[in-house]
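A.B. asks: whatever this is, show me its structure:
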Amino acid sequence: MPQTGPLSAPTEDQTGPAGGPANRAGHGVGRTPTPQDTATSAGAGTTTAAASEAGHEATTGTAPKTASGAAPDAVPGAAPEAPSETAEVTRVTKELAHRTTESDVFPTHWTRLSDTRFRVTAHWPADHPFFGPVDDRHQDPMVVGETLRQTSMALAHAEFGAPADTHFVMRDLEIRTDLAALLLADAAEPVEIDVECSEIRRRGRGLGSVRTTMEFRRAGKLVARGTGSTGCTSPAAYQRLRARQLAALGTPVPLIPGVPPEQVGRARAQDVVLAPADRPGVWRLRVDTGHPVLFPRPNDHVPGMVLFEAARQAAAATTDRRPFLPADMAVAFSRYAELDNPCWIETEVLDEGPESVTVRVSGQQDGESVFTTTLTWANPASGPASGPSPVRFPS
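C.D. replies: This is a model prediction of the structure:
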């Protein structure tokens, strides 16, 4: 019997290498899962809810269109096909996106263009409590990365057969945004996302890993491009890998005082993820396991998007660009960031000029690298919207 309640196991994005990902049997690639598939996949889980079941609440109707009723612009150089008028529409539930509240889910639905290509529609709200606007004109570029992450997990479940209890491993993520097109005035417009899935690796009938590459359009403009690699780990493998941390799941983590929010470009103290350290250019990661967006459920490690936000806040504090609107951001994760030991965030300015600045941010814990990211701030007033440059696949 499929389960339909909220996810309860730590299936938020898992960051760092996860050993050998190994899923149980899932749906085959290249067809829309049926209700029978749903029951099989969801029933194979533990006490986690059926993300697969919830995400397979597919309804059949006409393909989605932009607010004007026309099909979205073609991808430059790729010319993606439009969904057919009878294409099946799959809705994104909070279970599929691994969120606990609907307001935190940014992709809304998708249609399949081929076995590996999808047209996704999303919404970037103007007033989200964490991913809200960072000034009076622009939305936060970090919402692009979160949308890519949620979309990748939803497609992994519903299109590639990752069971409901899969643990996802964020390995790398790159986002390039045209800040002049990421306007708050366009927040009511739908975001049309063209998704290409590649590097699809199987473990038996299950999904081992997949790379998703996306182009985001809104109000007739190409707003962003992004790519990310996601690994999948079965509950049994994850238990072997993280037994000590899972045994301590729910143990209170002391909340240390953060730096002033204005120092890192945030409006609210509860959204600060950095604490002071004893030397310039270094901060301690501030972990608030009670934060409703960053920690929507108990987790056995620090989620990857918390580390990404820590990097952005550290770049803001280092450069005095506040708000720090990253036009380019790329991150590679090396290991899990544990909850019970200090994680140190360090910055290095690589290049700085009047219109842009590039900062490398690294995280270390117990003397080992956790992640490395590079962020480039670009003055959004420096020119008209011209579209982001293509993303690069990590080597």
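
A.B. asks: dump stretch 169-176 to CSV, restricted to CA.
C.D. replies: Taking C-alpha atoms only, stretch 169-176 is exported to CSV below (Å, rounded to 0.1, in the frame of the first residue of the first chain):
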residue,chain,number,x,y,z
VAL,A,169,24.0,13.0,-3.2
MET,A,170,24.7,16.4,-4.6
ARG,A,171,28.2,16.1,-6.2
ASP,A,172,28.5,19.4,-8.0
LEU,A,173,26.4,22.3,-9.1
GLU,A,174,27.0,25.2,-11.5
ILE,A,175,24.6,28.1,-12.1
ARG,A,176,25.0,31.1,-14.5
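
A.B. asks: what mean pLDDT does that stretch have?
C.D. replies: In this model, stretch 169-176 has a mean pLDDT of 95.

A.B. asks: buried residues, it. List them.
C.D. replies: For stretch 169-176, a neighbour-count test (16 or more other CB atoms under 10 Å) marks 169, 170, 171, 172, 173, 174, 175, 176 as buried. (Each C-beta comes from the backbone N, C-alpha and C, glycine too.)

A.B. asks: what bridges to the last one?
C.D. replies: Residue 176 has the following beta-bridge partners by DSSP bridges: residue 225, residue 328.

A.B. asks: I'd say it and residue 227 touch.
C.D. replies: No. Contact status for residue 176 versus residue 227: not in contact, 9.4 Å apart, counting by CB atoms under 8 Å.

A.B. asks: what is the burial count for residue 316?
C.D. replies: The local packing of residue 316 (other CB atoms under 10 Å) involves 26 other residues.

A.B. asks: now the one 10 residues further on
C.D. replies: Counted with other CB under 10 Å, residues neighbouring residue 326 total 30.

A.B. asks: CA atoms of stretch 319-337 as PDB?
C.D. replies: Output of stretch 319-337 as PDB, limited to C-alpha atoms (Å, rounded to 0.1, in the frame of the first residue of the first chain):
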ATOM      1  CA  THR A 319      33.900  42.000  -0.700                       C
ATOM      2  CA  ASP A 320      31.300  44.400   0.900                       C
ATOM      3  CA  ARG A 321      29.000  43.700  -2.100                       C
ATOM      4  CA  ARG A 322      25.700  43.700  -0.300                       C
ATOM      5  CA  PRO A 323      23.500  42.200  -1.500                       C
ATOM      6  CA  PHE A 324      25.900  39.800  -3.200                       C
ATOM      7  CA  LEU A 325      24.200  38.700  -6.400                       C
ATOM      8  CA  PRO A 326      26.200  35.900  -7.900                       C
ATOM      9  CA  ALA A 327      26.000  35.900 -11.700                       C
ATOM     10  CA  ASP A 328      28.200  32.700 -11.800                       C
ATOM     11  CA  MET A 329      28.500  30.200  -9.000                       C
ATOM     12  CA  ALA A 330      30.000  26.700  -9.100                       C
ATOM     13  CA  VAL A 331      30.500  24.200  -6.200                       C
ATOM     14  CA  ALA A 332      32.100  20.800  -5.900                       C
ATOM     15  CA  PHE A 333      31.400  18.800  -2.700                       C
ATOM     16  CA  SER A 334      34.100  16.500  -1.300                       C
ATOM     17  CA  ARG A 335      32.500  15.000   1.800                       C
ATOM     18  CA  TYR A 336      29.600  15.400   4.200                       C
ATOM     19  CA  ALA A 337      29.600  18.300   6.600                       C
END
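
A.B. asks: ok, now how distant is residue 175 from residue 292?
C.D. replies: Per CB to CB, to the nearest Å, residue 175 is found 24 Å from residue 292.

A.B. asks: now swap in residue 169 and tell me
C.D. replies: Distance from residue 169 to residue 292, by CB to CB: 24 Å.

A.B. asks: go on, residue 154?
C.D. replies: Distance of residue 154 to residue 292, computed by CB to CB: 21 Å.

A.B. asks: so which of these two has more stuff around it?
C.D. replies: residue 154 (28 against 13).

A.B. asks: so that one, which of the three states?
C.D. replies: Per DSSP: H, G, I helix; E, B strand; the rest coil, the secondary structure class of residue 154 is helix.

A.B. asks: per-residue confidence at it?
C.D. replies: pLDDT, residue 154: 98.

A.B. asks: mind listing what it touches?
C.D. replies: Going by CB atoms under 8 Å, 6 or more residues apart in numbering, residue 154 touches 55, 92, 96, 97, 107, 110.

A.B. asks: buried subset of those residues as a PyMOL selection?
C.D. replies: Restricted to buried positions by 16+ other CB under 10 Å, the PyMOL selection for these reads:
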select buried, resi 55+92+96+97+107+110
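
A.B. asks: make CSV out of the contacts of residue 154 and add secondary structure.
C.D. replies: Below are the contacts of residue 154 laid out as CSV (three-state DSSP):
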residue, secondary structure
55, helix
92, coil
96, coil
97, coil
107, strand
110, strand
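
A.B. asks: among the contacts of residue 154, which pair sits farthest apart?
C.D. replies: Largest separation among those by CB to CB: 97 and 110, giving 11.8 Å.
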